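>>> I'd like to go over a predicted model; first the sequence, then the structure.
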2 protein chains.
Amino acid sequence: MGRRSDHSREELEELILSEGQKLMAETGLSRFSAREVAKRVGYSVGTVSNLFAGVDGLIIAINSRTFRLWSDSLEANLHNVTGADRIDALVRGYFEFAEKHLNLWSAIYEHRLPPDMAMPETLAEERTRLTTIVTREVAAILPESEKPEAARLAGSLIATVHGHCGFALIGSFALLNEKDPLGLATDRVHEVLIAHGATL
Amino acid sequence: MGRRSDHSREELEELILSEGQKLMAETGLSRFSAREVAKRVGYSVGTVSNLFAGVDGLIIAINSRTFRLWSDSLEANLHNVTGADRIDALVRGYFEFAEKHLNLWSAIYEHRLPPDMAMPETLAEERTRLTTIVTREVAAILPESEKPEAARLAGSLIATVHGHCGFALIGSFALLNEKDPLGLATDRVHEVLIAHGATL
DNA sequence: TATCACAATTATACACTGTTCAATTAAAAA
DNA sequence: TTTTTAATTGAACAGTGTATAATTGTGATA
């Protein structure tokens, strides 16, 4: 009988999430196990499963957390950076977070919701936050006439960087002897922004 | 005793691969099961596991197959298309294949090799083939001075389209009320190619 | 304070998964 | 026909997630 009421419900959620994220960072999604998380926090499997409505719910909650960590890290990268360098800082920040937290970052994109389950509001919000940051920065260097397109363009640029980052991490670029995926991504972003009237 | 030597080793591999790909298309990677494949082909689990050196080997073989299907489909899309339209046909072909074979396509990128296992030659070849197609088409519309950059640029453009395609399929664009990810990807590719001197 | 009711937590059972390997069995060789 | 060889199996094992009946601690009630 492990530890009944050693923690409030909220403390327990926090404990499971925190330990779960650690495990995810160690093992990656494919070897992640709710049972192992339960073992580590000293509660039973049932408790973990109930509290997050199944392992999928737990993974989603962990991924939300990772998203927040990521957004925070991006914002931090912008400190003391001015002008067009801010765009480069975002691209670099995207890559650096993914490289540093490979398993956590990959889990976000490897996990697929069960067909019946809709994307929970909390995860949607965290995702939107990252987009908002980029949209703000893109709008800042676009000429007035193009500003209405900032949101669309930001989404598209994130997708562009995301593609390069993903390929870099799974080794697709290595296969082509490409040694500077970050440089490639940065160049693409510059070209697109210039095509839309930005001055870099 | 199901069916000893009803098939040669090669026939059996083909049978398992074919049925395995069907199952992958039905269930997606996360619910894919080597046991279920064995059941469907009427052989035992051990046979399937031995023949492909574990479930990871089977998945890799299936993904290689999917890659070939994809390359073939891209080449087919180029038939009777000329000039700059060929680039657009490739972008559209990328999206269409992924949409039509969502589970097969996703499995390619969701599966991660065990840390000890190197990428098998066969999979590497299939991946390279897709790149070769794109490089050829990119080189064709680049001015002479830029042709040496065709391979690098092709890799980068694939990554760009891939990012848009992936985001479209997991719903990231829907979250931003973006209704035309393919249009976005096509626009980016045009802008980049023009920046490199192509005439579209 | 003693009792009760409720809610949290557990233990257990179930149906799966992939891997391994001794035992079996069919086909090929002698 | 007998022996050898190699493919194939079946069973055991250690995991997985989910569901649920049985427990148990806690806070409210008398």
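Now that the structure is in, tell me what you want to look at. Residues are numbered from 1 along each chain as shown, chains lettered A, B, ... in the order given.
>>> Which residue does chain A have closest to chain B?
Closest approach between chain A and chain B, counting by CB to the nearest CB: A:Gly163, at 2.5 Å. Bear in mind the C-beta positions are built from the backbone N, C-alpha and C, glycine included.
>>> What does that residue show for phi and psi?
A:Gly163 adopts backbone torsions of phi -60, psi -50, taken as degrees, to the nearest 10.
>>> Does it touch B:His162 like I think?
Yes. Here A:Gly163 reaches B:His162: they are 4.3 Å apart, a contact under CB atoms under 8 Å.
>>> Name the residue in these two with the higher neighbour count.
Between A:Gly163 and B:His162, counting by other CB atoms under 10 Å in any protein chain shown, A:Gly163 is the more crowded of the two (27 against 22).
>>> That one: what's it in contact with?
A:Gly163 sits next to B:Ile158, B:Ala159, B:Thr160, B:Val161, B:His162, B:Gly163, B:His164, B:Gly166 when contact means CB atoms under 8 Å, 6 or more residues apart in numbering or on different chains.
>>> Nearest spatial neighbour of it, chain-adjacent residues omitted?
Closest residue to A:Gly163 apart from its sequence neighbours, by CB to CB, 6 or more residues apart in numbering or on different chains: B:Gly163 at 2.5 Å.
>>> Next one: that neighbour from B:Arg188, what distance?
9 Å (CB to CB, to the nearest Å).
>>> Return every residue with contacts to both of those two.
A:Thr160.
>>> mind showing which ranges of chain A have poor pLDDT?
Low-confidence segments of chain A (pLDDT under 70): A:1-5.
>>> Any figure for the gap between the residue nearest to A:Gly163 and A:Thr132?
When B:Gly163 is compared with A:Thr132 (using CB to CB), they lie 19 Å apart.
>>> again with A:Asp6
Going from A:Asp6 to A:Thr132 by CB to CB gives 38 Å.
>>> same question, A:His79
Going from A:His79 to A:Thr132 by CB to CB gives 17 Å.
>>> between these two, which one's more packed in?
Comparing A:His79 with A:Thr132 by other CB under 10 Å, the one with more neighbours is A:Thr132, at 13 against 7.
>>> That one is in what secondary structure piece?
Using DSSP states H and E, the element containing A:Thr132 is helix A:121-141.
>>> show me what contacts A:Met117?
When contacts are counted by CB under 8 Å, 6+ apart, A:Met117 touches A:Asp56.
>>> typo on my end, it should be A:Ile133
Taking CB under 8 Å, 6+ apart as the test, what A:Ile133 contacts is A:Ser71, A:Leu74, A:Glu75, A:Leu90.
>>> if you look at those, which of them are in helices?
A:Ser71, A:Leu74, A:Glu75, A:Leu90 (DSSP state H).
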